[in-house]
Each structure stands twice: as structure tokens, then as C-alpha cells.
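[1] Sharing a model that was predicted from the sequence below.
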Amino acid sequence: MYLEETVMDFSGHEREPGTKFLGIGAVILLHVLIVYALVTGLASKVVEVVRQPVEAKIIEEVKPPVLKDTPPPPKPKLAAPPPPPFIPPPEVRVQTPPPPKAIANVTTVKPQTPVIPPPQPAAPAPVAPPQPVAKAAPVRTAAVVDAAHCQKPEYPRRSERLGEEGTVQLALLIGVDGRVAQAKVEKSSGFKDLDNAALTALSLCKFKPATVDGKPEEAWAKLAYIWQIP
């Protein structure tokens, strides 16, 4: 058996040189093709093809069309919240108070009868003081002075000759008898002779005095007299 295995291994070693020659021939052929390509310029053409400019194009993004007057989407309806859970009220226990203790001791002494005092007479109600009677306002009447019932004053000659005219206003104090107790010129006519003539003549007149509740009273009155040449 040892001899047979030796023969078989030897025959295998004889076949290896042929395969080696084939590999060496393929490598030589590849080098020949590369040299031929370099000589004929095939490699430069390949480089030129690779060096050609590369065109880059920008592709715009296509925007979706905008729809006008598009109603907004309806709002989602929220479901009604569930009802709160039912919680039963706590059970309250009322404690019954214990019954009062029975009275063990019994006495035979009678309680004293309370003495009720007699009712006191009611105090008299206070009497309101009498209200003062309001007095009625006195009724007054003014003095009546009328120059028509008096003697007409005499026109001063100098004033008449000079043509002096005007109105003089007098203040007269009428007494309880109707006579003039005091007289004064309150507003002048502009001429002193006319003022004095009117004051002297009208002071001699008698007028109707003023009254208070029907009784005569001394009071002031006013009287105007007009001087005019006839």
C-alpha cells in the first residue's frame, strides 16, 4: 500500500508545470495588451471621455396648486365627558343619649310657695307742654299822600320868568293825625327855588296815615310834584 500511494503523488506533481505555464502566458498576454493600448493612444481616448464636462440640471420642486376659498376643515366634535361617578353619601350613625338616672331619694318636705308681689300702679304718662299759639302777622296799610287835595304851591316868579321847569320828589313823615311831621327833598328838580316852594307848600297838607291792624301809625311816604309853566 505504501508503494501505490507514492506513485499517485508523483503523477500529481507531473501535472503542475503545465498549469504554471498557462498562468505565466496569461500574464504576458495582459502586459502586451496594456503596452499596445498605450502605444496606439487608446488610453488617452478613455481619459478624454472621462474628462468631458458633466452637465448638472436643477430640477425645480413642483409645488402643489393652491386652492382659493377653500373652507377650513370642520372641527372635530368632542365627545361629551362621561358623567362623574356616583359616590354614595357616608352613612351617619346618630347615637341615642342614655336615659336619665332615676331619682333615688324621696323627700316629704313640701316646697315653699313663692310670694308674688302685688302689681305696682303704672306711672302716669308725661303731659306734653302746651304749644305756643302762633300770632298772626299784623295787617299794615301804607299812608296815602295825594297832592290833589292840597293847596297848589305858588310858582316862584324868578323861576317862572327864567322858564324853569322840573319834577321834585319829596319824602314826608306822616304822623298818626295825618299831618306832616317831617319833610325833605329826596330828588331835586334841578332848581333850588322850585324844590323849596314844593317842600314848603306840601308840608302844610294833611294826608291819610298808615295803619297797623286798623290803628294809625307814623310812617314815611313819597310824593312827586311836577313844576310846569302854564
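    Looks like it arrived, so ask away.

[2] got a list of what K208 touches?
    A143, V144, V145, I174, G178 (CB atoms under 8 Å, 6 or more residues apart in numbering). For glycine as for every other residue, the C-beta is placed from the backbone atoms N, C-alpha and C.

[3] By neighbour count, which of those residues wins?
    Neighbour counts for the contacts of K208 (other CB atoms under 10 Å) peak at I174, which has 26 neighbours.

[4] ok, now which ones touch that one?
    With CB under 8 Å, 6+ apart, I174 has these contacts: A143, V145, V180, A181, F207, K208, P209, A210, E218, A219, W220, A221.

[5] next one: P209
    A143, I174, G175, V176, D177, G178, P216, E217, E218, A219.

[6] And it, how far from I174?
    5 Å (CB to CB, to the nearest Å).

[7] Reformat the contacts of K208 as CSV; add secondary structure, distance to Q151 and pLDDT.
    Shown next, in CSV, are the contacts of K208 (DSSP: H, G, I helix; E, B strand; the rest coil; distance: CB to CB, whole Å; pLDDT from 0 to 100):
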residue, secondary structure, distance to Q151, pLDDT
A143, coil, 19, 90
V144, strand, 18, 90
V145, coil, 14, 89
I174, strand, 17, 93
G178, coil, 15, 91
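
[8] any idea which of the residues you listed is closest to I24?
    A143 (177.1 Å; CB to CB).

[9] Let me see the contact set for the closest one.
    I174, F207, K208, P209, A210, A219, W220, A221.

[10] Could you rerun that using 7 Å?
    Taking CB atoms under 7 Å, 6 or more residues apart in numbering, we find A143 in contact with I174, F207, K208, P209, A210, A219, A221.

[11] Ok, K206 next?
    K206 neighbours (CB under 7 Å, 6+ apart): G178, R179.

[12] again with the one 4 residues further on
    Contact analysis of A210 by CB under 7 Å, 6+ apart lists R140, T141, A142, A143, I174, E217, A219.

[13] same thing but at 8 Å, please
    R140, T141, A142, A143, I174, P216, E217, E218, A219, A221.

[14] Kindly indicate the member of those residues with the most neighbours.
    That'd be I174 among the contacts of A210, by other CB under 10 Å, with 26 neighbours.

[15] circling back to that earlier point, so which of the contacts of I174 belong to strands?
    V180, A181, A210, A219, W220, A221 (DSSP state E).

[16] Looking at those residues, which two lie furthest apart in space?
    The widest separation within the ones in strands among the contacts of I174 (CB to CB) is 13.3 Å, between V180 and A210.

[17] Using PDB, list the CA coordinates for the strand or helix carrying A197.
    Using DSSP states H and E, A197 sits within helix 192-202. Taking C-alpha atoms only, helix 192-202 is exported to PDB below (Å, rounded to 0.1, in the frame of the first residue of the first chain):
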ATOM      1  CA  LYS A 192     -83.500 175.100  44.200                       C
ATOM      2  CA  ASP A 193     -86.300 177.700  44.100                       C
ATOM      3  CA  LEU A 194     -88.800 175.000  42.800                       C
ATOM      4  CA  ASP A 195     -87.600 172.500  45.400                       C
ATOM      5  CA  ASN A 196     -88.100 174.900  48.300                       C
ATOM      6  CA  ALA A 197     -91.500 176.100  47.100                       C
ATOM      7  CA  ALA A 198     -92.800 172.500  46.800                       C
ATOM      8  CA  LEU A 199     -91.400 171.500  50.200                       C
ATOM      9  CA  THR A 200     -93.000 174.500  52.000                       C
ATOM     10  CA  ALA A 201     -96.400 174.100  50.400                       C
ATOM     11  CA  LEU A 202     -96.800 170.300  50.600                       C
END
